[in-house]
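Visitor: Kindly generate the corresponding structure for this input.
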Amino acid sequence: MCIDMPISTLKGSGNSATNIIMYILSTIGVITVIYLATSVFTNIDVLKKRSAITVDVYNGTADVYINDAPLGKTPFSSKEITPGENKIKIKSDAREYLTQIEFIANDKKYVHTVGIFADLGTSDIFSSAQEFWFEKDKSGNVVKVVSEPSGASVYIDNTEVGKTPYASDKLSEGEYDLRLDYPGYETQTARINIKKGYTLNIRFKLFPIPTPVSIKMLEGATSFYNLAIDNTTATSDTQAWVKAFVYWNKTRGVNIEGTGLNKEQAFDYFIDYKGNIFDKDGNLIISKEEMAKFKDSKKGGYLGRVSDGTGVTNEAKDAVLSLTQQIIGTKKATVLETGTGWLRVRDVAGLAGQEIGRVTVGQVYSVLEQTAGWVKLKVSDTITGWVSADYVKLSE
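Guide: Now for the predicted structure:
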């Protein structure tokens, strides 16, 4: 006698700050290995007219419910499930995942196990799941794969065979590597075992990647980084996006140019293309009093859309101005005598910066930012730039 049941491991992303190949792999796929194995079971009569399930989650643990009845915590498995349509809920402290699956009864040859593996993430959008279940073969297909979003490329043993929704009757019995790719989403992989006489159903929910592969500083900035991506599903709700970025930073790691891949908290605050300001945990900041806690902030991230082009939106510029004024205070800079009657304004701090304007000796300007030897001024409504700290006098 034999049984057919999933034995599963859910692995997180790799974390190598020195190997960009490993980083790319980590940002495009949480690897799930699903092995539908066949092994000897001597008490098959005990399991007749029952079904089985295995449930696990990525990052932490969760409670498992079937038809609203609590059964235990992940990793969870049972061979005592009633066949038929069952509602499964996987619930953590902050999130839950719901699905319904038709369980088939065990027979003399196999224990038919449903497998569910979920990353509950931070929201309905920023989460993922994999579901595996069997049904009696009626169509001749031995495997069916669907995904959310649909249209994902399906690879079997590294050969592209189609896009979701995908079905095939061409696979012979045996083991295969399955991979799903969709631009802007985390790749999912599984090791599957095809059995004649049964259809293996696989359902994927894909996780939108909330960060660019490599994070670079915005041009002209000294501590403000570009987090722009082009996935409209991810960028439409920036509150959900920033929470997902923080989660991804913690669980997969982000790659900051010059720093490498790491899971340490990368940013002290975030500003989105709408002009919203968020703290390091992704909480929306709405008052000047709340902005005061950014006084010692060092790095910020800009949540932009690639479709908006380079740089930041006007709304984001206003937010940066508001935030920097709160961080620095209401400092003013009076331009001192230079011998020429004016002082160059540069696009970046340093003598290598390009001249973008001039300020007049004796005039007073608002200070936006300070760094060693340089001060950033608001020259006009359209021009902000850096001047040498040697030629300005700062005052509150």
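Visitor: Could you use CA atoms for every contact and neighbour count after this?
Guide: Noted.
Visitor: Without its sequence neighbours, what residue ends up closest to residue 85?
Guide: residue 102 (4.1 Å; Cα to Cα, 6 or more residues apart in numbering).
Visitor: How far does the helix or strand where that neighbour lies sit from its chain's centre?
Guide: Using DSSP states H and E, residue 102 sits in strand 96-103. Centroid displacement of strand 96-103 relative to its chain, using Cα atoms, centre = their mean, to the nearest Å, is 24 Å.
Visitor: ok, it: who's next to it in the sheet?
Guide: Within its sheet, and counting by DSSP bridges, strand 96-103 is paired with strand 84-91 (antiparallel).
Visitor: Buried by neighbour count: which residues of the partner strand qualify?
Guide: For strand 84-91, the neighbour count (16 or more other Cα atoms under 10 Å) marks 86, 88-91 as buried.
Visitor: What is the neighbour count of the residue nearest to residue 85?
Guide: Using other Cα atoms under 10 Å, residue 102 is surrounded by 14 other residues.
Visitor: Might you report the residue contacts of it?
Guide: By Cα atoms under 8 Å, 6 or more residues apart in numbering, residue 102 lies in contact with 83-86, 133.
Visitor: quick one: contacts for residue 357?
Guide: By Cα under 8 Å, 6+ apart, the contact set of residue 357 is 344-346, 383.
Visitor: go with 6 Å
Guide: residue 345 (Cα atoms under 6 Å, 6 or more residues apart in numbering).
Visitor: Beta-bridge partners for it, please?
Guide: residue 345.
Visitor: Residue 117 versus that one, what's the distance?
Guide: The spacing between residue 357 and residue 117, counted by Cα to Cα, to the nearest Å, is 57 Å.
Visitor: which residues in the stretch 151-300 of the chain form helices?
Guide: Secondary structure of the stretch 151-300 of the chain (DSSP state H, counting those that start in this stretch): helices at 232-235, 238-251, 288-291.
Visitor: Show me what the first one is packed against.
Guide: I take that to be helix 232-235. Judged by 3 or more Cα pairs under 6 Å, 6 or more residues apart in numbering; DSSP states H and E, helix 232-235 is in contact with no other helix or strand.
Visitor: re earlier: I'd like the helices of the stretch 151-300 of the chain written out as TSV, with mean pLDDT and mean neighbour count added.
Guide: As requested, the helices of the stretch 151-300 of the chain are exported to TSV (pLDDT from 0 to 100; neighbours: other Cα atoms under 10 Å):
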stretch	mean pLDDT	mean neighbour count
helix 232-235	94	18
helix 238-251	97	21
helix 288-291	73	14
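Visitor: hmm, what's the outermost residue in this protein?
Guide: Most distant from the centre of the chain: residue 339, at 53.7 Å, with distances by Cα atoms, centre = their mean.
Visitor: how much space between that one and residue 345?
Guide: 16 Å.
Visitor: ranges for the strands of the stretch 251-396 of the chain?
Guide: Under the criterion DSSP state E, counting those that start in this stretch, the stretch 251-396 of the chain contains strands at 254-256, 260-262, 269-272, 277-279, 284-285, 300-303, 332-335, 342-346, 355-360, 364-371, 374-378, 384-388, 392-395.
Visitor: Residues touching the third one, excluding its own?
Guide: It stands for strand 269-272. 277-280, 300-304.
Visitor: On the pLDDT front, check the spatially closest residue to residue 126 that is not a sequence neighbour for me.
Guide: With sequence-adjacent residues excluded and distances taken as Cα to Cα, 6+ apart, residue 126 is closest to residue 207, at 5.5 Å. You'll see residue 207 listed with a pLDDT of 97.
Visitor: Ok, residue 194 next?
Guide: pLDDT at residue 194 comes out at 87.
Visitor: Name all residues that make contact with it.
Guide: Going by Cα under 6 Å, 6+ apart, residue 194 touches 173-174.
Visitor: which residues does it bridge with?
Guide: Beta-bridge pairing for residue 194 (DSSP bridges): residue 174.
Visitor: Make 5 the first number, not 1, from now on.
Guide: Got it, first residue is 5 now, which makes that one residue 198.
Visitor: I'd say residue 159 and residue 183 touch.
Guide: Yes: the pair residue 159 / residue 183 is scored as a contact, 5.0 Å apart, by Cα atoms under 6 Å.
Visitor: care to break the protein down by domain?
Guide: Taking automatic domain parsing as the criterion, the chain consists of the domains 6-209, 220-332, 336-399.
Visitor: returning to that earlier point: in JSON lines: the strands of the stretch 255-400 of the chain, plus distance to residue 243.
Guide: Below are those laid out as JSON lines (distance: least, Cα to Cα, whole Å):
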{"stretch": "strand 258-260", "distance to residue 243": "19"}
{"stretch": "strand 264-266", "distance to residue 243": "23"}
{"stretch": "strand 273-276", "distance to residue 243": "9"}
{"stretch": "strand 281-283", "distance to residue 243": "8"}
{"stretch": "strand 288-289", "distance to residue 243": "7"}
{"stretch": "strand 304-307", "distance to residue 243": "10"}
{"stretch": "strand 336-339", "distance to residue 243": "34"}
{"stretch": "strand 346-350", "distance to residue 243": "34"}
{"stretch": "strand 359-364", "distance to residue 243": "35"}
{"stretch": "strand 368-375", "distance to residue 243": "26"}
{"stretch": "strand 378-382", "distance to residue 243": "29"}
{"stretch": "strand 388-392", "distance to residue 243": "28"}
{"stretch": "strand 396-399", "distance to residue 243": "37"}
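Visitor: I am finished for the moment; much appreciated.
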